[in-house]
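# Sequence and predicted structure, then a few things I'm wondering about:
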Amino acid sequence: MTELTNEQKKAIADAQATFEDIKNTSEPLNEKQLDLLFGQARSMNGWLSKEVSDDMVKSLYELTKMGPTSTNCCPGRFVFIKSQEEKEKLEPALLPNNVPKVMSAPVIAIIGYDLDFSDHMTKLFPHMDVAPMYKGNNEMNVSTAFRNSSLQGAYLMMVARAMGLDCGPMSGFNNQLVDETFFSDTNIKSNFLCCIGYGDSTKIFQRLPRLDFDEVCKII
Ligand SMILES: Cc1cc2nc3c(=O)[nH]c(=O)nc-3n(C[C@H](O)[C@H](O)[C@H](O)COP(=O)(O)O)c2cc1C
């Protein structure tokens, strides 16, 4: 084990103090806040005509990027479509049932994953040379990119809800067409779409059941 530099020791001490401070000066979320994030939050099928500013989109990413990924690899790539022109480029890739829900959304995020994510590992994980582990193993590279971009997409939805926005996630689209349209000449692949805005409660369906603890969990 190599000796830590003074600079590294200070960075670790600062991180520990920052974490201690937030834990010691805040309460866990209350029931209502948990309901907004999970318990009563819903997937949206329609949208109010209320704008989501570019600043809000940027704030959304600033928190999303802080969610954990393996070896801090951050493979998620995000295209936030706001203009009518770009929405129209997306439209042919959508399943017919999804067209009205998507086209009326103020923002449509394409959550993608970069198969060249390991090119950034010297910045993201500077203390260890992990890039060859990914570059040399295609299966691990793809599963890591897909797994962690899915997580990052989920973080995006939770951050959006915490900011008072609503989400409509979608996988009913032609990934290949989306990749050709929005990620040509890159090694980025689309994972799923997430409509973002202020949801129209009159378009919400009945709540579908979830699996009970005993059906899918065990404590061992
Ligand atoms: C990855 C993903 C893909 C989805 N794809 C679609 C879709 O293509 N079309 C659609 O109408 N809903 C889609 N949904 C919405 C789900 O049907 C919805 O989240 C689920 O039924 C739970 O609804 P609730 O959050 O309102 O309880 C998708 C959700 C997720 C997470």
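Thanks, I have the structure now.
# How confident was the prediction at the residue of the chain found nearest the ligand?
Among the residues of the chain, residue 172 lies closest to the ligand, at 2.7 Å counting by Cβ to the nearest ligand atom. C-beta here means a position set from N, CA and C on the backbone, and glycine is covered the same way. What the model reports for residue 172 is a pLDDT of 98.
# Return the residues in contact with it.
Shown in contact with residue 172 (Cβ atoms under 8 Å, 6 or more residues apart in numbering): 94, 95, 97, 98.
# cutoff 10 Å now
93, 94, 95, 96, 97, 98, 99, 101, 102, 192, 193 (Cβ atoms under 10 Å, 6 or more residues apart in numbering).
# The fifth one: how many residues sit nearby?
Right, the one you point to is residue 97. If you count neighbours by other Cβ atoms under 10 Å, residue 97 ends up with 9.
# Apart from its neighbours in sequence, what residue is nearest it?
The shortest distance from residue 97 to any non-neighbouring residue, by Cβ to Cβ, 6 or more residues apart in numbering, is to residue 172 (6.9 Å).
# Show me what the lengthiest helix in the chain is packed up against.
The longest helix of the chain (DSSP state H) is helix 138-162. Applying 3 or more Cβ pairs under 10 Å, 6 or more residues apart in numbering; DSSP states H and E, we find helix 138-162 packed against helix 54-64, strand 76-81, strand 107-114, helix 131-135, strand 166-170, strand 188-197.
# Could you dump those into TSV with mean neighbour count and distance to the ligand added?
Shown next, in TSV, are these (neighbours: other Cβ atoms under 10 Å; distance: least, Cβ to the nearest ligand atom, whole Å):
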stretch	mean neighbour count	distance to the ligand
helix 54-64	15	16
strand 76-81	20	14
strand 107-114	24	9
helix 131-135	16	24
strand 166-170	21	4
strand 188-197	24	5
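# low pLDDT regions in this protein?
Residues of the chain that meet the criterion pLDDT under 70 lie in 1.
# got the residues of it near the ligand?
By Cβ under 6 Å from any ligand atom, the residues of the chain that approach the ligand are 42, 43, 98, 169, 170, 171, 172, 192, 207, 208.
# Which two of these have the greatest separation?
Using Cβ to Cβ, these span at most 21.3 Å, a distance reached by 192 and 207.
# From what I see, residue 157 and residue 193 are in contact.
No: under the criterion of Cβ atoms under 10 Å, residue 157 is not in contact with residue 193, lying 11.5 Å apart.
# Now do the contacts for the closest residue to residue 167 other than its chain neighbours.
Once flanking residues are discounted, residue 167 sits nearest to residue 157: 4.6 Å by Cβ to Cβ, 6+ apart. Residues near residue 157 by Cβ under 10 Å, 6+ apart: 37, 41, 43, 60, 64, 109, 111, 165-169, 194, 196.
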